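Trainee: Fold the following.
(one chain, ligands or ions: 4)
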Amino acid sequence: MTTAPTPLYRTIDRFGPHLVYPTGARLDAGVEPDRVVKTHCCFCGQQCGLQLVVKDEVVIGVEPWMEFPFNRGMLCPKGVNRYLQSAHPDRLLTALARDDAAPGGFRPIGYEEAISRVASEIERIQSTYGRDAFAVLSGASLTNEKSYLMGKFAHMCLRTANIDYNGRLCMVSAAAANKMAFGVDRSANPWTDIVAAEVVFIAGSNVAECSPITTSYVWQARERGAKVIVVDPRITPIARTCDVFLPVKPGRDAALFNGILHLMIEHDWLDHDFIERWTVGFEDVAAYAKEWTPRRTAEVTGIAEDRIREAAELWGTAKTSFMLHARGIEHHSNGVQNVLGAINLVLASGRIGREGCGYGTITGQGNGQGGREHGQKADQLPGARDLADPEHRAYVAGVWGIDPDDLPQPGADAYTIIRKIDSGEVRGLLTISFNPLVSLPDATFVRRMLEKLEFYVAIDFFLNETARHADIVLPGSLQEEDEGTVTQVEGRVIKINQAVRPPGDARQDWRIIQDIARALGRERGFTFRSPREIFDELREASKGGVADYSGITYEKIERNFGVFWPCPAEEHPGTPRLFEPGSWNPVARGAGPFFFPDGKARFNVSRYEPPAEDVDEEFPVILTTGRVITQYLSGTQTRRIGPLVDFYPEPRVEMHPQLAERYGITDGDWVAVESRRGRVTLRAQVVRTIRPDTVFVPYHWAGRKSVNLLTNPALDPISKIPAFKVCAVRLRRVEAPPAEEAPPPVDAPQ
Ligand SMILES: Nc1nc2c(c(=O)[nH]1)N[C@H]1C(S)=C(S)[C@@H](COP(=O)(O)OP(=O)(O)OC[C@H]3O[C@@H](n4cnc5c(=O)[nH]c(N)nc54)[C@H](O)[C@@H]3O)O[C@H]1N2
Ligand SMILES: Nc1nc2c(c(=O)[nH]1)N[C@H]1C(S)=C(S)[C@@H](COP(=O)(O)OP(=O)(O)OC[C@H]3O[C@@H](n4cnc5c(=O)[nH]c(N)nc54)[C@H](O)[C@@H]3O)O[C@H]1N2
Ligand code: SF4
Ligand SMILES: [Mo]
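Mentor: Ligands and ions are numbered 1, 2, ... in the order given. Below is the predicted model:
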């Protein structure tokens, strides 16, 4: 006889009240939890507050945390189900060594033995080929404390120039453009300013699926009468309810922004006073925008001229507004130019730094913001300081007690590090919180490079697809197994609280890094006893920098539900809204609101270039890639959570009925999608919500289902972000995937 499982808890999220079921057979229904821990979701950059329910050192459920102001108890399906990863049978409990004779290709080894092997290989590679031959690829799911430690470990312990992080695939176009225009890289406003805006402009962001809680702010604005403009090649859920929808041809956003600016100038929808007083460079931008007549803009972007005029009028005549964008405009070979175009629209309107007047780039990973501030980025030192700047080097070297000349110079970006394996410049690699085989473009090349390495060590809590190529795998910590801070989408620094201990031989990531430093005999500077001690040094190292955390303490975060940086002193309240008259700004020091010595923002010409790879006769269809609501990034975590898999079990090729008809494809058919780099065979999903010249495939799957077998590794020349959002493909209806391409059994080694 079978009985229905008994629910453990009743909980509520934006989909309404529902029941939470126990994860393990050990747990009886109605069990009393040992504790309930207030913390945050382990997934996206919204970092919703929630409570983890713990019994016998296992996270068994999630409850809302109603008081946390950002999400007020709301969670998306990933947040509600995230607890199911904690006691997953795939959780790594020991260190592993590659052993082709062992089942699965690995055998468990002792933790200390694994650490000494890592240290001796680092030693061997660096002494044979030079220090830069050992590279580090880190991640922005890590806390600020760990991100800081990774930068310090690479720059001070390994003294390699080659450290970069997975935010290189995510936030760097926005970061570069923000620095160029505002002198600082952070969303400028708290999200409450979205609610107060008359017009919300959303460019290249599927907010409803990727930043669900941000959507609730947009809805609140709409309830107060706000108009919403959406730019996307697909009619995403938010686009269905917007006022003006601009179905841009992928890769053409810079043209669109110039076209809108052209109309703002023509109709004099400009804030002359603001432009005059607080900006430089408008003339050059205006001269370039002159070329972008509505007709030419319509031709290049594929958007009807009337729609462009409507959007320009709404934006141009608004009294208050909020500009939001995400990877749709940033994942391009001209990603920085696209973002500069969006920023120019904000500066020309003068609507920034006031209530209801804002700008934000929606961060992706859990610590997408803090993870790009404290020194794990190729060109960076803590506090968003520059590794190339002699003063910045001297300051941080002082905090670390080393000679500035011992700090390496800026190194290569993530993709270039992979290319350096090919040229032999990089021979050894450590990855932590990064799954490059699934997340980098041209996966065939990446796989070949992983196999070419002389030594590769991965630190993760699951054996992700990249780690399957490692020589040593070290069992790191889940987010709920450690404490620390992260900086969420608004720039609010918040506190992750530990709910459970790492199981088995698994260790908190920061301890593993320090153990490697010790085994190398270079433990000076790596003897922290807690995340709090690391944070205290981070505060010191960031002091006086743009991302100044020196006035933030764990207690202050808990008291105030987070603290917005910059926060230069313990008595300082933090800075929710940047660019407000009188707000703290360590660069302008009173000269003006923006983070340049003269206090003025910079207009930058946002030059349109066609995508690095465009369609032609041989490859006539545009492929764009992205996400679905229930899967997260390379899928390592969410492909292991049953209810999320059920919702969207495999990638499909989204295409318009017109395109499907041209190839004789009907919904559910197998389609071979081929680019110059590879082929995947997936089922078609025929929908009216996409441009007829474009197909969309989500990227959360590995092996033969990985869309990154197709994508183009062209990089933006400034940010070095890969062009995930455009490449050229051809389609073919097939009866079934060819045998060698047949989907492998669930989670088999790829
Ligand atoms: N469910 C879920 N949520 C997530 C994540 C996840 O994996 N799953 N990941 C997190 C992370 S790390 C990130 S970076 C964010 C990403 O959040 P988003 O950027 O919102 O997500 P994407 O799906 O990558 O792309 C957004 C949209 O860009 C559109 N697009 C494609 N090409 C173009 C173009 O040329 N121009 C314009 N204007 N739009 C274009 C796509 O159709 C898509 O709807 O989400 C975060 N949240
Ligand atoms: N085609 C295509 N490709 C893309 C994108 C796209 O839109 N299209 N988007 C890009 C974007 S925006 C992003 S952000 C990247 C993301 O790409 P990745 O960063 O490679 O993806 P993740 O799945 O986050 O991989 C992180 C790994 O870190 C582990 N992990 C998570 N938290 C921790 C931790 O605290 N400690 C340790 N030790 N490990 C941890 C997870 O188990 C996982 O194996 O993908 C990029 N790739
Ligand atoms: S919106 Fe992001 S942070 Fe919030 S519950 Fe969903 S995945 Fe977690
Ligand atoms: Mo991302």
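Trainee: After the longest helix along the chain, which helix or strand is next?
Mentor: Longest helix in the chain by number of residues, with DSSP state H as the criterion: helix 111-129. Next helix or strand after helix 111-129 toward the C-terminus (DSSP states H and E): strand 134-138.
Trainee: And that following strand, what does it pack against?
Mentor: Applying 3 or more Cβ pairs under 8 Å, 6 or more residues apart in numbering; DSSP states H and E, one finds that strand 134-138 contacts helix 111-129, helix 144-152, strand 163-165, helix 414-422, strand 428-432. For every residue, glycine as well, the C-beta is placed using N, CA and C.
Trainee: if we can go back for a sec, for the longest helix of the chain, which positions count as buried?
Mentor: 111, 114, 115, 117, 118, 119, 121, 122, 125, 126, 129 (16 or more other Cβ atoms under 10 Å).
Trainee: what would the residues you listed look like in a markdown table with pLDDT and distance to residue 32?
Mentor: Formatted as a markdown table, the buried residues of helix 111-129 follow (pLDDT from 0 to 100; distance: Cβ to Cβ, whole Å):
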| residue | pLDDT | distance to residue 32 |
| --- | --- | --- |
| 111 | 98 | 34 |
| 114 | 98 | 38 |
| 115 | 98 | 39 |
| 117 | 98 | 44 |
| 118 | 98 | 42 |
| 119 | 98 | 45 |
| 121 | 98 | 48 |
| 122 | 98 | 48 |
| 125 | 98 | 52 |
| 126 | 98 | 53 |
| 129 | 98 | 57 |
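Trainee: Format the helices and strands packed on strand 134-138 as a markdown table; extra columns: distance to residue 374.
Mentor: What follows is the helices and strands packed on strand 134-138, written out as a markdown table (distance: least, Cβ to Cβ, whole Å):
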| stretch | distance to residue 374 |
| --- | --- |
| helix 111-129 | 22 |
| helix 144-152 | 4 |
| strand 163-165 | 10 |
| helix 414-422 | 17 |
| strand 428-432 | 15 |
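Trainee: Looking at the ones you listed, which is nearest to residue 662?
Mentor: Smallest distance to residue 662 across the helices and strands packed on strand 134-138 (Cβ to Cβ): 33.9 Å, for helix 414-422.
Trainee: The closest one near ligand 2 anywhere?
Mentor: No. With Cβ under 6 Å from any ligand atom as the criterion, ligand 2 is not reached by helix 414-422; the gap is at least 9.5 Å.
Trainee: What pLDDT is listed against residue 581?
Mentor: Per-residue pLDDT puts residue 581 at 85.
Trainee: which other helices and strands contact the longest helix of the chain?
Mentor: Applying 3+ Cβ pairs under 8 Å, 6+ apart, we find helix 111-129 packed against strand 95-98, strand 134-138, strand 428-432, strand 455-460, strand 472-475, helix 509-519.
Trainee: how about the fourth one, does it reach ligand 2?
Mentor: Looking back up the chat, that one is strand 455-460. Yes. Using Cβ under 6 Å from any ligand atom, strand 455-460 comes into contact with ligand 2 via 459, 460.
Trainee: Not including adjacent chain positions, what is the nearest residue to the residue positioned nearest the centre of the chain?
Mentor: With distances taken as Cα atoms, centre = their mean, residue 364 lies nearest the centre of the chain, 3.2 Å away. Closest residue to residue 364 apart from its sequence neighbours, by Cβ to Cβ, 6 or more residues apart in numbering: residue 170 at 4.5 Å.
Trainee: Number of residues surrounding that neighbour?
Mentor: 26 (other Cβ atoms under 10 Å).
Trainee: isn't it right up against residue 365?
Mentor: Yes. At 6.3 Å, residue 170 counts as touching residue 365 under the criterion of Cβ atoms under 8 Å.
Trainee: tell me, what's touching those two both at once?
Mentor: Each of residue 140 lies in contact with both residue 170 and residue 365 under the rule Cβ atoms under 8 Å, 6 or more residues apart in numbering.
Trainee: need the contact list for the residue of the stretch 551-700 of the chain found nearest ligand 3.
Mentor: Closest approach between the stretch 551-700 of the chain and ligand 3, counting by Cβ to the nearest ligand atom: residue 632, at 6.9 Å. The neighbours of residue 632, taking Cβ under 8 Å, 6+ apart as the test, are 43, 44, 78, 638, 700.
Trainee: give me phi/psi at it?
Mentor: Torsion angles at residue 632 (phi, psi; degrees, to the nearest 10) stand at phi -130, psi 120.
Trainee: Which residue comes closest to it once chain neighbours are left out?
Mentor: residue 638 (4.4 Å).
Trainee: try residue 176
Mentor: Residue nearest to residue 176 in three dimensions, not counting chain neighbours: residue 719, with 4.4 Å by Cβ to Cβ, 6+ apart.
Trainee: Kindly provide the distance from the one you found to residue 643.
Mentor: Plainly put, residue 719 is 36 Å away from residue 643 if you go by Cβ to Cβ, to the nearest Å.
Trainee: between the two, who's got more neighbours?
Mentor: residue 719 (21 against 14).
Trainee: hang on, isn't the more buried one packed against residue 172?
Mentor: Yes. With contact defined as Cβ under 8 Å, residue 719 reaches residue 172; the gap is 4.1 Å.
Trainee: Taking the stretch 51-200 of the chain, what residue is nearest to ligand 3?
Mentor: Proximity of the stretch 51-200 of the chain to ligand 3 (Cβ to the nearest ligand atom) peaks at residue 79, 2.4 Å away.
Trainee: Isn't that residue up against residue 43?
Mentor: Yes. Under the criterion of Cβ under 8 Å, residue 79 makes contact with residue 43 at 6.8 Å.
Trainee: Tell me which of the two has more neighbours.
Mentor: residue 79 (26 against 21).
Trainee: In contact with that one, which residues?
Mentor: Contact analysis of residue 79 by Cβ under 8 Å, 6+ apart lists 13, 41, 43, 48, 50, 62.
Trainee: Going by secondary structure, it is in what exactly?
Mentor: Using DSSP H and E, the element containing residue 79 is helix 77-81.
Trainee: Render the CA-only coordinates of that helix in CSV, please.
Mentor: Extracted C-alpha coordinates of helix 77-81, given in CSV (Å, rounded to 0.1, in the frame of the first residue of the first chain):
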residue,chain,number,x,y,z
PRO,A,77,10.5,28.3,-7.1
LYS,A,78,14.3,28.0,-6.8
GLY,A,79,14.3,29.6,-3.3
VAL,A,80,11.5,27.4,-2.1
ASN,A,81,13.2,24.2,-3.3
